[in-house]
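> sequence first, predicted model second:
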Amino acid sequence: MEDHDKQRHSATFLVGNNALQEDVNQPWEQDNQAWWDWYVTLAENLEEQPDELVSVSPIPAMDLPSDKEVIEELTTPFPLKGQDREEFKQNGFIKLKKILTPGAVARLRQELVRLLGESFNSSLDGDVRDRFLSLEMAWLSNPFIKAYVLSERIGKICAELLNVNSVRLYHDNILSKEPGCGRTPWHYDDHHFPLATDDVVTAWIPAQPIPVEMGPLSFAKPLSVHELVKNVEFNKFDTSYDRKISEIFKKSNVTVEDNAFDIGEVSFHHNRSFHTAAPNKTVQSRVVLASTYFADGARIVDEPTMVSGDWQKFIPGAGPGDIAASELNPICWQAKD
């Protein structure tokens, strides 16, 4: 497909000023799912789709923990090491094993699949094909998901990685890359979150093991590689931004970590960490709970763009330049005096 064909394809997912204006300096005019439907079209997919998708092993059968047992696990601190903090500082991400027990992961997947099925009126793991589904702010109406999103265990890790005294929630996001869905474009989250701080981290919690064939989140390292591509202009109409980032990284011999995720393994990435994900070539939905946290006291940027989606929903009542501290941005962990 030629670039001009791809441009028309991406443009069909935009409406109003988002479609009419060349730049991104206007509010997003649709809902969250429409944002994802548009955003994944910005990824260049050069590989041919496989004739058959790959079968993967489900989470092994086990005695599942109760709600009480899961909540107790989520409130128990994880022993982060000094070398973990140094790795995060250097590379802008870290993958930590055994953050969750297999039982807590299995319980999480059950609930995420149920919520996605209800929201999209379909079954996962094959019923939906080629799409990237998203469901945000589930923590507001679901106490079980709230325990994961506001988890002291996760919040403490995020605060320690950022080396700050307290962190607030920006938002939670249930993400499901369906069988046959293509690449996620190269990006860094500083584009997406309208927060005037670099003290932002996302906890990316897979709700099943993620083999390479399923498209695990992949990270460019070290963190400083974002400087290599800081002058690449974002294009909302085609795949050129993704392609140029990839070309620069290859030319510069940038290391990309694209290993599988074990069950219970969680990644944490900085808002300037460049990352991508390969297609999901399996018959199983790649389901993830991704929650983003930021240092208490951060303000909203002066000029949010359409790339931040419907951010006002996550920080209600606040505008550009205001401190981001609404009732929907609770403190998830705070150091004791």
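Everything's here; your move.

> so what's E152 closest to, chain neighbours aside?
T75 (5.0 Å; Cβ to Cβ, 6 or more residues apart in numbering). In this view, the C-beta of every residue, glycine as well, is placed from N, C-alpha and C.

> in contact with the one you found, which residues?
Shown in contact with T75 (Cβ atoms under 8 Å, 6 or more residues apart in numbering): S151, E152, R153.

> what's the burial count for the second one?
The local packing count at E152 equals 16, with neighbours defined by other Cβ atoms under 10 Å.

> how close does it get to P102?
Plainly put, E152 is 21 Å away from P102 if you go by Cβ to Cβ, to the nearest Å.

> before we move on, what about H9?
40 Å.

> what packs against the strand or helix carrying L161?
Using DSSP states H and E, the element containing L161 is helix 152-162. Counting contacts by 3 or more Cβ pairs under 8 Å, 6 or more residues apart in numbering; DSSP states H and E, helix 152-162 is packed against helix 67-74, helix 82-91, strand 166-177, strand 200-206, strand 266-270, strand 286-295, strand 331-334.

> the fifth one vs helix 152-162, what angle?
Relative orientation of strand 266-270 with respect to helix 152-162: 40 degrees, computed using axes from the mean of the first three to the mean of the last three Cα atoms, to 10 degrees.

> what's in contact with strand 266-270?
88, 92-96, 99-100, 154, 157-158, 161, 189, 198, 200-206, 217, 219, 223, 261, 275.

> repeat the analysis, applying 7 Å as the threshold.
For strand 266-270, contacts defined as Cβ atoms under 7 Å, 6 or more residues apart in numbering pick out 88, 92-96, 99-100, 157-158, 161, 201-205, 217, 219, 223, 275.

> kindly report the same for stretch 132-147.
Taking Cβ under 7 Å, 6+ apart as the rule, stretch 132-147 contacts 32-33, 36, 40, 67, 70-71, 74, 111, 115-116, 119-120, 149-150, 171-178, 181.

> now restrict the residues you listed to buried residues only.
Buried by 16 or more other Cβ atoms under 10 Å: 32-33, 36, 40, 70-71, 74, 111, 115-116, 120, 149-150, 171-178, 181, out of those.

> my guess is S176 contacts L116, does it?
Yes - when contacts are counted by Cβ atoms under 7 Å, S176 is listed as touching L116 (5.5 Å).

> before we move on, the earlier item: got JSON lines for the contacts of T75, with distance to E257 and pLDDT too?
Output for the contacts of T75, formatted as JSON lines (distance: Cβ to Cβ, whole Å; pLDDT from 0 to 100):
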{"residue": "S151", "distance to E257": "25", "pLDDT": "97"}
{"residue": "E152", "distance to E257": "28", "pLDDT": "96"}
{"residue": "R153", "distance to E257": "24", "pLDDT": "97"}
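
> tell me the secondary structure at L115.
Secondary structure state of L115, per DSSP: H, G, I helix; E, B strand; the rest coil, is helix.

> how about L175: what's its closest non-neighbour residue?
The nearest residue in space to L175 (Cβ to Cβ, 6+ apart) is V288, at 4.6 Å.

> show me where the protein has its helices.
Secondary structure of the chain (DSSP state H): helices located at 3-11, 16-20, 32-39, 67-74, 82-91, 102-120, 143-149, 152-162, 240-251.

> nearest to E47 among the ones you listed would be which one?
Among the helices of the chain, the nearest to E47 by Cβ to Cβ is helix 240-251 (12.9 Å).

> using PDB, write out every CA atom in the closest one.
Taking Å, rounded to 0.1, in the frame of the first residue of the first chain, the C-alpha atoms of helix 240-251 are listed here in PDB:
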ATOM      1  CA  SER A 240       5.600   8.100   8.400                       C
ATOM      2  CA  TYR A 241       6.300   8.800  12.100                       C
ATOM      3  CA  ASP A 242       6.500   5.200  13.000                       C
ATOM      4  CA  ARG A 243       8.600   4.400   9.900                       C
ATOM      5  CA  LYS A 244      11.100   7.200  10.500                       C
ATOM      6  CA  ILE A 245      11.500   6.200  14.200                       C
ATOM      7  CA  SER A 246      12.200   2.700  13.200                       C
ATOM      8  CA  GLU A 247      14.700   3.700  10.500                       C
ATOM      9  CA  ILE A 248      16.600   6.000  12.900                       C
ATOM     10  CA  PHE A 249      16.700   3.300  15.600                       C
ATOM     11  CA  LYS A 250      18.100   0.700  13.100                       C
ATOM     12  CA  LYS A 251      20.600   3.100  11.600                       C
END
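
> from the contact counts, what lies against that helix?
Judged by 3 or more Cβ pairs under 7 Å, 6 or more residues apart in numbering; DSSP states H and E, helix 240-251 is in contact with strand 184-187.

> just give the closest residue to L289, not the sequence neighbours.
I205 (4.5 Å).

> to clarify, my last question referred to E257.
F219 (5.1 Å).

> any weak-confidence spans in the stretch 1-150 of the chain?
Filtered on pLDDT under 70, the stretch 1-150 of the chain yields the residue ranges 1-8.

> quick one: contacts for the nearest residue to D37 once chain neighbours are set aside?
Nearest non-adjacent residue to D37, counting by Cβ to Cβ, 6+ apart: F13, 5.4 Å away. The neighbours of F13, taking Cβ under 7 Å, 6+ apart as the test, are A34, D37, W38, T41.
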